[in-house]
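S.K.: build me a structure from this.
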Amino acid sequence: METNRNTTTTVAQLVPDELETPPLTLSQLTWRRFKRHKMAIFGGITLIFLFLFSFGGSFIFTEAFANYTETGARLQSPSLIHPFGTDTVGRDILARVIYGGQISILIGITAMLVEVTVGVIIGSLSGFYGGKIDSILMRFTEAVFIIPQIFLLLVMAKYFAGKVPNMTLLGRHLVVVS
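M.R.: Next up is the predicted model:
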């Protein structure tokens with residue numbers, strides 16, 4: 001049996017570029033995995049559409065237009081002037097949906113930031129100290145999960161009533177009603 005020395009190659013000769021290429025970063029690996037997940041792509045596109053609808057629509061409809069009451073135009077069906085129609089007091093429903101979407105997105109982002117911050121702090125303390133501190137923090141977390149949310153919101157509303165000042169956020173006047 002005769003072997004040809006020209007046909008035998010090593011792995012380093014076959015793929016020299018792959019051996020010299022640096023490994024993928026965590027963000028590159030995350031993006032590749034995200035691109036393969038069809039529902040994640042759909043959710044991301046939907047989120048971008050809702051953001052553009054809510055914040056881009058404010059260039060077309062002003063906040064004053066969303067609150068403008070025209071009693072002669074109450075309960076109109078959709079038309080060119082009012083694409084979603086009007087409500088029982090004559091306000092344009094499309095403009096109100098746009099501004100309602102802005103408030104919903106701001107509430108969602110704020111809730112996410114608070115939850116991530118509290119979660120990272122509790123998780124970091126539990127992981128760093130461990131032992132009794134970990135056990136106490138985990139029992140506290142479980143206790144908060146057990147409390148019904150509506151009850152917790154009612155208690156917080158009663159406790160903070162009149163203590164939260166009125167504020168302006170991104171051009172919106174937030175008035176706390178007690």
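
S.K.: state the distance from Ala143 to Pro165.
M.R.: 30 Å (Cβ to Cβ, to the nearest Å). (Glycine included, C-beta is placed from N, CA and C.)

S.K.: so which residues of this structure form helices?
M.R.: Using DSSP state H, the helices found in the chain span residues 11-14, 16-20, 26-36, 38-51, 63-67, 93-129, 131-146, 149-160.

S.K.: which one of these lies closest to Ser79?
M.R.: Of all those, the one in closest proximity to Ser79, counting by Cβ to Cβ, is helix 93-129 (10.9 Å).

S.K.: how far off helix 131-146 does the closest one point, in degrees?
M.R.: Angle, helix 93-129 to helix 131-146, by axes from the mean of the first three to the mean of the last three Cα atoms, to 10 degrees: 160 degrees.

S.K.: list the helices and strands helix 93-129 packs on?
M.R.: The contact analysis (3 or more Cβ pairs under 8 Å, 6 or more residues apart in numbering; DSSP states H and E) places helix 93-129 against helix 38-51, helix 63-67, helix 131-146.

S.K.: could I get those helices as JSON lines with mean neighbour count, mean pLDDT and distance to Tyr159?
M.R.: Formatted as JSON lines, the helices and strands packed on helix 93-129 follow (neighbours: other Cβ atoms under 10 Å; pLDDT from 0 to 100; distance: least, Cβ to Cβ, whole Å):
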{"stretch": "helix 38-51", "mean neighbour count": "11", "mean pLDDT": "95", "distance to Tyr159": "33"}
{"stretch": "helix 63-67", "mean neighbour count": "14", "mean pLDDT": "76", "distance to Tyr159": "31"}
{"stretch": "helix 131-146", "mean neighbour count": "11", "mean pLDDT": "89", "distance to Tyr159": "16"}
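
S.K.: could you measure from the residue most central in space within the chain over to Val175?
M.R.: Nearest residue to the geometric centre of the chain (Cα atoms, centre = their mean): Ile109, 5.0 Å. With distances taken as Cβ to Cβ, Ile109 is found 21 Å from Val175.

S.K.: kindly report the same for Gly130.
M.R.: According to Cβ to Cβ, Gly130 and Val175 sit 46 Å apart.

S.K.: swap in Thr25?
M.R.: 46 Å.

S.K.: with Leu80 instead?
M.R.: Relative to Val175, Leu80 is positioned 34 Å away (criterion: Cβ to Cβ).

S.K.: for these two, indicate the residue with more neighbours.
M.R.: A side-by-side neighbour count of Leu80 and Val175, using other Cβ atoms under 10 Å, places Val175 first with 8 against 5.
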